[in-house]
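**Student:** Compute the structure for the input listed below.
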Amino acid sequence: MPSPGPWRGVLMAVVGGLALLPALLAVAQLGRIHPDEVYQLLEPAWFRAHGYGVMAWEWRVGLRNWAAPGVASWLLRLADALGLTHPLAYRAVLAVPQVLLQGWMLWATYRFAERRVGPGPALLAVLGVGLYGPVLVFAGRTLGESLSAAFLVVAMEALDRQEAPVRAGLLGGCTLGLAVVVRYGSAVMVLVALAWLVGARRWKVLLFTCLAGLGVALALGALDWVTWGKPFHSLLAYVDFNVLSGQAARQFGASPPSFYALPLLTALPPWFWGALPLGWLSWRRRPAVSLPGLCAAVYFTALCATAHKEERFLYPGLVLLVLAAAPQVAGFVGRLGAERGRKLGSLLLVATTLLAGVLYPREDLKGDQFRAIVAATRGDDVRGLLIVNEGLWGSGGFFYIGKNIPWMTCDRPRDANFQAAMRDGRINRAVTFEGRALEELQAAGFRVVTQVGRETVLARK
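**Tutor:** A predicted model of the protein is given here:
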């Protein structure tokens, strides 16, 4: 084992590098996993910072709270003050707090694993979580699932501590509360965590967890009061829309529980299945219920029972499952007798960890479209933009256009927006996916400027 000084340096380097990687991927790729990435955080933040933007229906009826978009709006103001006006630059500014949050999550992962298997295998467990394919895809994204999962991991580690119950409860309650603030659907796991504390008879930790969580809840109520005119307006509206009224299923569709079978199986790393017998043997020696594993299991059950389903909803539960399993597998690798076996086992764990990112989520990130929009709207002579073969909610909004100019979306040349754009002299830039309406655009005076992946960028005088 290396001495404490060098070992700590290696640990900090690994945690820092892994924390930075998802943000670098997200900023370099651009695009989005789901429209909510843009229209539930980036675009509301842009609206708050600049006074204009596309506001989704949730922001007209008060179904969301302004916590995360509010913080992002002040970061956008800071970027403006620093002269960072390119979309890539201010998107990178927004990535800074996510890097810090991801680093906090990975440090919590190390602490959680170290208690179980010691420093060396714990570092391998950090690699198993930090290089987990869905983490690389999601952790740098501005989705509620992405932010909530990181807060949940920190909370799991805090509540797992046996020392300093007051501090553990305060940290656990605060981060559980923040996990709900950024994504109300995570409340299921908060209830499970509280029940777990009751079952473990950890009354002091439970008390301070509840006190800290209550403080976050009161802050949320005050924020909703200021922004929506009623305490807990967004939370109550969310529960009514998604749980009580059934409107979510009617508006966005309902699916059977089997909807999650394939994405759940393909999203888990192959080594996860090896953790199941290892966990059973560990439980036989010392019976104990894994908090992150229990939270994930109940959360998946709740997802299956909810009518409206989306693959991205799985992400927080997947991270908790991997958190629960990684120490078991890393500890097994660390106990292998031959050094060659340990190295091979570590290599296999890391390599297979990455595989799930290829299969989950099965979404087109549209990174080339967003990069094309950024390329098309640079320059002082840009007066307006048409995006062909894309709807409003699939586009990047004013956030990626970066200026207050008219813009439209359409699917085909016969659409009203396309015809209006061809007549509107302000629309002097166009982006089209896979060459749709290319001839019609050229007939209207547009010329091809550049190609960005599957996207063609055009301009006219």
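
**Student:** hey, let's count contacts and neighbours off CA atoms from now on
**Tutor:** Fine.

**Student:** so how far is stretch 384-398 from its chain's centroid?
**Tutor:** On the basis of C-alpha atoms, centre = their mean, to the nearest Å, stretch 384-398 is displaced by 22 Å from the centre of the chain it belongs to.

**Student:** actually stretch 143-150, not the one I typed
**Tutor:** Distance of stretch 143-150 from the chain centroid (C-alpha atoms, centre = their mean) equals 4 Å.

**Student:** Then stretch 453-461?
**Tutor:** Centroid separation for stretch 453-461 versus its chain: 30 Å, with C-alpha atoms, centre = their mean.

**Student:** Just the residues contacting that stretch, thanks.
**Tutor:** 368-369, 372, 375-376, 428-435, 445-451 (C-alpha atoms under 8 Å, 6 or more residues apart in numbering).

**Student:** So for that stretch, what gets flagged as buried?
**Tutor:** For stretch 453-461, the buried set under the neighbour-count rule, 16 or more other C-alpha atoms under 10 Å, comprises 455-460.

**Student:** got any ranges where the stretch 201-350 of the chain has weak pLDDT?
**Tutor:** Where the stretch 201-350 of the chain drops to pLDDT under 70, the residues are 279-287, 337.

**Student:** Work out for me the element residue 60 sits within.
**Tutor:** Per DSSP states H and E, residue 60 falls inside helix 57-61.

**Student:** tell me which residues in that helix are buried?
**Tutor:** Those would be residue 59, for helix 57-61 by 16+ other C-alpha under 10 Å.

**Student:** Show me what the helix or strand just after it packs onto, helices and strands only.
**Tutor:** Counting by DSSP H and E, the next helix or strand C-terminal to helix 57-61 is helix 67-81. The contact analysis (3 or more C-alpha pairs under 8 Å, 6 or more residues apart in numbering; DSSP states H and E) places helix 67-81 against helix 43-50, helix 87-117, helix 165-182.

**Student:** Let's see that with 7 Å instead.
**Tutor:** helix 43-50, helix 87-117 (3 or more C-alpha pairs under 7 Å, 6 or more residues apart in numbering; DSSP states H and E).

**Student:** now it and helix 165-182, what's the angle there?
**Tutor:** Orientation check (axes from the mean of the first three to the mean of the last three C-alpha atoms, to 10 degrees): helix 67-81 against helix 165-182 gives 80 degrees.

**Student:** Outside of helix 67-81 itself, which residues are in contact with it?
**Tutor:** 41-42, 44-46, 48-49, 90, 93-94, 182 (C-alpha atoms under 7 Å, 6 or more residues apart in numbering).

**Student:** which two from the residues you listed end up farthest apart in space?
**Tutor:** Spatial extent of the contacts of helix 67-81 (C-alpha to C-alpha) is set by the pair 90 and 182 at 20.9 Å.

**Student:** Need the residues that contact the helix holding residue 60.
**Tutor:** In this structure, residues lying in contact with helix 57-61 by C-alpha under 7 Å, 6+ apart are residue 64.

**Student:** go on, stretch 175-184?
**Tutor:** Contact with stretch 175-184 is made by 68, 144-145, 147-148, 151-152, 154-155, 186-187, 190, 213, 216-217, as judged by C-alpha under 7 Å, 6+ apart.
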